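> Sharing a sequence plus its predicted fold:
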Amino acid sequence: MDYDTYGSTAVELAIELANTERSDPGWARDFLDTHHEWFSPGTSFDLSPGEIHRAAATAGLVRTVALAESQADVLDRLNELLALARPRPYATDHDGELHLHYARPDSPALEQLTTTVAMGLSQVVVQHGWQRLGVCAAENCDDVYVDTSRNASRRYCSNTCASRSTVAAYRARQKTE
Ligand SMILES: [Zn+2]
Ligand SMILES: [Zn+2]
């Protein structure tokens, strides 16, 4: 990943949220725990059932933005997502590097999550184009990704899917020869 050309890594949080398995009711808590570095210290990760439902809706919206096939569709869905955000940006160097946080530090976890995800995703779309978002080309995988490669050549969600597909294509070629 080359983050140097991007103002923010928050888009990665959006992608990971969209790709998170949500069948287990504990998914939201697990997601917040594993991504705790995105939240203000002391933020409670105990979401109400209603908040978990809204977090899932946010995840679904990120996915629809990534799957949209026209700029008009992207704008509609992105603006739906942005309408859920309550940005109040501030600058910080808590990890040693000067950067922006998008959400009020004392806001609830859901508000921090939705705001960070919406702002991170929309920054990439407006600065680098909606074509930077896509869905994995590997068989049996429909995870979404953001393409941060210099020449916009990404097709897979992960190196695992990329190498799995390379091996499958090689085997298929060998069979026909
Ligand atoms: Zn930070
Ligand atoms: Zn994949």
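Received it, and whenever you're ready, just let me know what you need. Residues are numbered from 1 along each chain as shown. Ligands and ions are numbered 1, 2, ... in the order given.
> next one: stretch 29-40 to chain centre, how far?
14 Å (CA atoms, centre = their mean, to the nearest Å).
> Could you list the buried residues of it?
With burial defined by 16 or more other CB atoms under 10 Å, the residues of stretch 29-40 counted as buried are 31-32, 35, 38-40. All C-beta spots, glycine's among them, are computed from the backbone N, C-alpha and C.
> What parts of the chain come near ligand 2?
With CB under 5 Å from the ion as the criterion, the chain meets ligand 2 at residues 136, 138, 141, 143, 157, 161.
> Return the member of the residues you listed nearest to Leu110.
Asp143 (22.9 Å; CB to CB).
> Where does pLDDT dip in this structure?
1-8 (pLDDT under 70).
> any chance you could map the helices in it?
10-19, 27-34, 49-67, 71-82, 109-128, 159-176 (DSSP state H).
> now Pro41: how far from Ala10?
Distance check for Pro41 against Ala10: by CB to CB, to the nearest Å, it reads 18 Å.
> And those two? Which one has more around it.
Ala10 (23 against 8; other CB atoms under 10 Å).
> I am assuming that one contacts Thr115, so please confirm or correct that.
No: Ala10 is beyond contact range of Thr115, at 9.5 Å (criterion: CB atoms under 8 Å).
> list the residues that contact both of those two?
Listed as contacting both Ala10 and Thr115 by CB atoms under 8 Å, 6 or more residues apart in numbering are Tyr102.
> Not counting its own residues, what contacts stretch 161-168?
By CB under 8 Å, 6+ apart, stretch 161-168 touches 136-139, 141, 143, 155-156.
> ok, and for it, which residues are buried?
Buried residues in stretch 161-168 (16+ other CB under 10 Å): 161-162, 164-165.
> and what of stretch 43-52?
By 16+ other CB under 10 Å, the buried positions in stretch 43-52 come out as 43, 45, 47, 51-52.
> Look up how far Thr166 lies from Leu113.
Distance of Leu113 to Thr166, given as CB to CB: 35 Å.
> How many residues are close by Ala68?
Ala68 has 18 nearby residues by other CB under 10 Å.
> what sits against Ser122?
Ser122 touches 78, 81-82, counting by CB under 8 Å, 6+ apart.
> Spell out for me the ChimeraX command that would select the buried members of the residues you listed.
To isolate the buried members of the contacts of Ser122 in ChimeraX, using 16+ other CB under 10 Å:
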select :78,81,82
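> Can you tell me which of the contacts of Ser122 is closest to Trp130?
Nearest member of these to Trp130, counting by CB to CB, is Leu78, at 8.1 Å.
> show me the contacts for that closest one.
Leu78 neighbours (CB under 8 Å, 6+ apart): 65, 121-122, 125.
> show me the contacts for the residue nearest to Asp46 when sequence neighbours are not counted.
With sequence-adjacent residues excluded and distances taken as CB to CB, 6 or more residues apart in numbering, Asp46 is closest to Arg29, at 7.5 Å. Listed by CB under 8 Å, 6+ apart, the contact set of Arg29 reads 45-47.
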